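Q: Please work out how this folds:
(2 chains)
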There are 2 protein chains.
Amino acid sequence: MNRTITIEEILDMERFQRLHLINTIVGYKNLNLIGTIGHRKVTNLGLFNSFVHVGANPPHLGFMIRQLTVPRHTYHNIKANKYFTVNHIHEEILAKAHQSSANYPENISEFAATGLTEEYTDRHPAPYVKESRVKIGCEYAEEHHMKLNGMIFLVGKIVEIILPEDGIDESGHLKLPELGTLACTGLDTYFEGKQIERLPYARVK
Amino acid sequence: MNRTITIEEILDMERFQRLHLINTIVGYKNLNLIGTIGHRKVTNLGLFNSFVHVGANPPHLGFMIRQLTVPRHTYHNIKANKYFTVNHIHEEILAKAHQSSANYPENISEFAATGLTEEYTDRHPAPYVKESRVKIGCEYAEEHHMKLNGMIFLVGKIVEIILPEDGIDESGHLKLPELGTLACTGLDTYFEGKQIERLPYARVK
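A: Take a look at the predicted model:
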């Protein structure tokens, strides 16, 4: 049997019941650590679960940042230094990645606090997560502020990708289950993926 | 051993290799059918994989639409009628959902073309997918056009949710694996999720 939950019932829900329902309602989400460095050279790691594709040529990605009603170190560091890294999470680093979402003060690096290791390339100043298996270097491109609540959609251009030699299959797809990349739902529930199907390009019959 | 793929190498890649790599690079994505109806009363179904959370109170979601260089029936219908539905996909309707991404002309409904069934409620005019297990009714809220390439981030307010009586656990989370909701990567590869962990809210130690 189905039930209908109306907008009026959603608005009347207990706060955490509503938060979990609305954070899980669109289905599975990706999960990545964003690495940045601030103008005082303190590094930062933040856990984000809203990455989307914003074009392949040239390659761009976008993600949501919460309202600037409190300091958002990831946002301010990207604005200050123009670069950020996006790092996939696998099971062995999940507990540390999750811990990075705790509310550390500005002078504490989540790298130091969680025990994850900074790694740098010559391409840009933002720190990668050494333990991550798939790492994406990005340059700030543009941002859009939601009129309804101040949330920010931030877009970056991909400038390099670091991954295992055998991480891509013949067709060009990343081998996500073999890489151990995790998905999430809501703010706290983590999943591995099991491939069930790859379908050919759909054409009108 | 790791390898680095630079932006110059990405831009030089064969088109489909680049498309698959960049479409899989952020990890797992959700996957939903959007149902709409146009001003000539032709219904439309489109497959989208970029839904993000845009606030829980009041509840909003957002997703990416490709450039308006060709007719985008989903976009034009939402603009004409202000409402759309978001419908989870499970394995039994996957082949039909995938087929809805074929390029049908404007006067053909993807419901009729794929054999999925329209379903309506009293709340708004957009069609739900009867066979889907989790269905979200949304009202147009706002849109943002990417300066870099014209892609559109469209935001809707959730006005109702239809789901099985036992679809939500005690904490408020949707029971996605039990509901059979699928994830995807790229444009063509489909996954089911296996929960490995739910972690408590992270606090500074």
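
Q: Which positions in the top strand by length along chain A come out as buried?
A: The residue-count maximum for a strand in chain A (DSSP state E) belongs to strand A:152-164. The neighbour-count check on strand A:152-164 (16 or more other Cβ atoms under 10 Å in any protein chain shown) flags A:152, A:153, A:154, A:155, A:156, A:157, A:158, A:159, A:160, A:161, A:162, A:163 as buried. All C-beta spots, glycine's among them, are computed from the backbone N, C-alpha and C.

Q: Any part of the following helix or strand past it near chain B?
A: Of the helices and strands lying after strand A:152-164 in sequence (DSSP states H and E), the nearest is helix A:176-179. Yes. Using Cβ under 8 Å from any Cβ of the partner chain, helix A:176-179 reaches chain B at A:176, A:177.

Q: From the contact counts, what lies against helix A:176-179?
A: For helix A:176-179, the contact count by 3 or more Cβ pairs under 8 Å, 6 or more residues apart in numbering or on different chains; DSSP states H and E identifies strand A:189-198 as packing neighbours.

Q: Name every sheet partner of the strand it packs on and say whether each one runs parallel or antiparallel.
A: Using DSSP bridges, the neighbouring strands of strand A:189-198 in the sheet come out as strand A:183-185 (antiparallel), strand B:189-198 (antiparallel).

Q: Adding mean pLDDT and distance to residue B:51, write these out as TSV.
A: Conversion of these to TSV gives the following (pLDDT from 0 to 100; distance: least, Cβ to Cβ, whole Å):
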stretch	mean pLDDT	distance to residue B:51
strand A:183-185	94	12
strand B:189-198	93	15
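
Q: Reformat these into TSV and put distance to residue A:146 and mean neighbour count next to each item.
A: TSV is the format used below for these (distance: least, Cβ to Cβ, whole Å; neighbours: other Cβ atoms under 10 Å in any protein chain shown):
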stretch	distance to residue A:146	mean neighbour count
strand A:183-185	22	28
strand B:189-198	28	18
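
Q: for these, which one sits closest to residue B:48?
A: Each of the strands paired with strand A:189-198 was checked against residue B:48 via Cβ to Cβ, and the shortest separation belongs to strand B:189-198, namely 14.0 Å.

Q: Run through who's touching that closest one.
A: The set of residues external to strand B:189-198 that reach it, using Cβ atoms under 8 Å, 6 or more residues apart in numbering or on different chains, is A:28, A:91, A:94, A:173, A:177, A:182-183, A:185, A:188-199, B:24, B:28, B:31, B:91, B:94, B:98, B:176-177, B:180-185.
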